[in-house]
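Colleague: attaching a predicted model along with its sequence, questions to come.
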Amino acid sequence: MDSVHLMDRMHDTAGARVVGRVKLAARPSAGAVCAPLAYDWQTMATYLDHAATTPLLDCAREAMIGALSATGNASSLHTAGRGARRRVEESRETIAGALGVTPSEVIFTAGGTEADNLAVKGLWWSRTAEDPARRRVLASRVEHHAVLDPIHWLGEHEGAEVVWLDVDDEGRVDPEQVSRELSASPGQSALVAVMWANNEVGTVQPIAELAELCSEAGVPLHVDGVQAVGSIPVDPTLPATLAISAHKLGGPLGVGALVARRGLELTPLTHGGGQERQVRSGTLDVPALVGFAAAVEHTVGDMAHRSARTQALRDDLFARVLEVAPGSIVNGAVGGLDTRLPGNAHVSFPGCESDALLMLLDAAGVEVSMGSACSAGVPEPSHVLLAMGIDPVRARSSLRFSLGHTSTAADVDALVEALPAALARAGRAGQVRISAQMAAAARDGG
């Protein structure tokens with residue numbers, strides 16, 4: 001396949017810089033509202049990977065620019081330090097107000113991955129220190145690796161007894177299984193971990209029911225809410241802990257939060273200055289937190305309107321993809337915001353390898369994903385699809401199309417226009433690969 005030069009040019013035109021396919025405005029417009037950062041999106045590739053990261057909102061950018069001009073460590077006691085601390089606490093209050101929790105329940109982290117690790121390991125260490133009999137960890141098989149890998153680590157290094165919760169063919173956990181597992185070993189579970197909405201297939205979990213079961217059993221529930229917050233209604237008071245990430249909401253990269261119930265004991269992952277309720281040491285990134293707060297406030301406040309619009313685009317994408325690719329298969333749940341994320345479209349294209357199809361679409365100017373961005377480049381089939389009972393061959397033929405706040409009908413048009421040729425070429429490449437594998441097997445057998 002020909003190599004694709006994604007960043008092929010850079011020059012100035014009419015007061016703006018063009019970098020690859022992205023046109024950057026020379027300066028922000030006066031009186032900018034909270035909208036997508038001032039890119040000319042018509043000059044760039046069709047971006048259908050918002051689940052990996054979504055463009056920075058203009059309000060977040062403007063807030064960060066103001067904060068970047070100020071000096072001060074939020075842990076310092078002088079005037080500059082107190083000013084930085086004020087901006088941190090105002091950001092905390094803004095995020096808490098948007099989510100419906102108290103400011104003291106918002107612990108700032110470097111992103112969703114750190115928040116998940118702090119919850120999983122922090123709860124495990126605190127709960128087992130209090131009662132060594134609490135060695136069981138219950139988690140769904142479709143969790144993000146930011147949850148899966150810490151749990152694997154606890155099993156390998158700390159002696160945790162890991163119980164993996166099965167999912168149905170749509171990727172949903174059965175609360176009855178959770179109830180049985182909690183009842184089977186009362187007093188022996190350290191925590192339960194189930195994500196609010198799946199990052200690959202978009203399926204929404206029955207968190208309210210699971211939270212009630214965990215509460216009755218006296219076991220904390222950790223929820224990875226990275227994909228859910230700002231896209232569907234989320235009540236952060238239901239679980240014991242909830243992880244969120246700024247860059248999934250239109251905020252900056254490298255910042256997030258763990259919403260942790262008051263009075264909940266968490267053992268720190270890092271030690272140093274004792275910031276963030278003594279459980280997350282480190283100098284706080286004040287400009288990033290200011291941008292994070294602006295993004296959360298806008299995104300959560302505008303959720304109903306934006307999610308309805310995004311879901312309509314997603315449903316049109318599904319219908320038209322199935323029309324131009326009749327053999328394709330939709331993965332995950334169907335329905336409204338209570339069953340599937342509004343911007344998520346996950347489809348299998350039997351006979352095509354997803355990596356080849358992804359690169360062919362990319363060459364045509366359409367950017368999509370094979371699933372979790374954090375595991376991109378790994379040639380193994382998705383653990384999420386395998387847990388749903390999808391065979392490995394079909395799993396390797398799957399792509400995720402995810403829409404967000406900058407998505408338009410033109411993006412769907414571009415995908416539908418590029419898809420048939422990409423499928424035809426990927427299908428031919430797949431046949432060549434299969435023939436080569438069969439020939440190699442015949443030689444080995446001979």
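Modeller: Nice, thanks for sending it over.
Colleague: just the strands in the stretch 301-446 of the chain please.
Modeller: 329-330, 344-348, 366-367, 398-402 (DSSP state E, counting those that start in this stretch).
Colleague: kindly reformat those strands as TSV containing distance to P420 and mean neighbour count.
Modeller: In this view, the C-beta of every residue, glycine as well, is placed from N, C-alpha and C. Formatted as TSV, those follow (distance: least, CB to CB, whole Å; neighbours: other CB atoms under 10 Å):
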stretch	distance to P420	mean neighbour count
strand 329-330	17	15
strand 344-348	14	25
strand 366-367	12	22
strand 398-402	14	26
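Colleague: can I get those strands in a markdown table including mean pLDDT?
Modeller: Shown next, in a markdown table, are the strands of the stretch 301-446 of the chain (pLDDT from 0 to 100):
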| stretch | mean pLDDT |
| --- | --- |
| strand 329-330 | 97 |
| strand 344-348 | 97 |
| strand 366-367 | 97 |
| strand 398-402 | 97 |
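Colleague: so which of those comes closest to E114?
Modeller: Nearest to E114, of all the strands of the stretch 301-446 of the chain, is strand 398-402, at 22.7 Å by CB to CB.
Colleague: other SSEs contacting the closest one?
Modeller: strand 344-348, helix 354-363 (3 or more CB pairs under 8 Å, 6 or more residues apart in numbering; DSSP states H and E).
Colleague: apply 6 Å and report the result again.
Modeller: strand 344-348 (3 or more CB pairs under 6 Å, 6 or more residues apart in numbering; DSSP states H and E).
Colleague: the helix or strand containing W124 packs against which elements?
Modeller: Per DSSP states H and E, W124 falls inside helix 112-130. Applying 3+ CB pairs under 6 Å, 6+ apart, one finds that helix 112-130 contacts helix 145-157, strand 189-193, strand 241-245, strand 256-260.
Colleague: strand partners (parallel or antiparallel) of the last one?
Modeller: Taking DSSP bridges as the criterion, strand 256-260 forms sheet pairs with strand 106-109 (antiparallel), strand 241-245 (antiparallel).
Colleague: TSV for those, including mean pLDDT?
Modeller: Shown next, in TSV, are the strands paired with strand 256-260 (pLDDT from 0 to 100):
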stretch	mean pLDDT
strand 106-109	98
strand 241-245	98
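Colleague: among those strands, which comes closest to L154?
Modeller: L154 lies closest to strand 241-245 among the strands paired with strand 256-260, at 15.5 Å (CB to CB).
Colleague: so which bits of that closest one are buried?
Modeller: Applying a neighbour-count criterion of 16 or more other CB atoms under 10 Å, one finds 241-245 buried in strand 241-245.
Colleague: hmm, which two among the residues you listed are most spread apart?
Modeller: T241 and S245 (14.1 Å).
Colleague: follow-up on the earlier one: can you put the strands paired with strand 256-260 in JSON lines and add distance to V416?
Modeller: Shown next, in JSON lines, are the strands paired with strand 256-260 (distance: least, CB to CB, whole Å):
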{"stretch": "strand 106-109", "distance to V416": "39"}
{"stretch": "strand 241-245", "distance to V416": "30"}
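Colleague: between the ones you listed, which one is closest to L56.
Modeller: Nearest of those (CB to CB): strand 241-245, 13.4 Å.
Colleague: now that closest one against strand 189-193, angle please.
Modeller: 40 degrees (axes from the mean of the first three to the mean of the last three CA atoms, to 10 degrees).
Colleague: now strand 241-245 against helix 145-157, angle please.
Modeller: 130 degrees.
Colleague: chain center to strand 241-245, what's the gap?
Modeller: 10 Å (CA atoms, centre = their mean, to the nearest Å).
Colleague: can you list the domain ranges for the protein.
Modeller: 10-56+303-440, 62-300 (automatic domain parsing).
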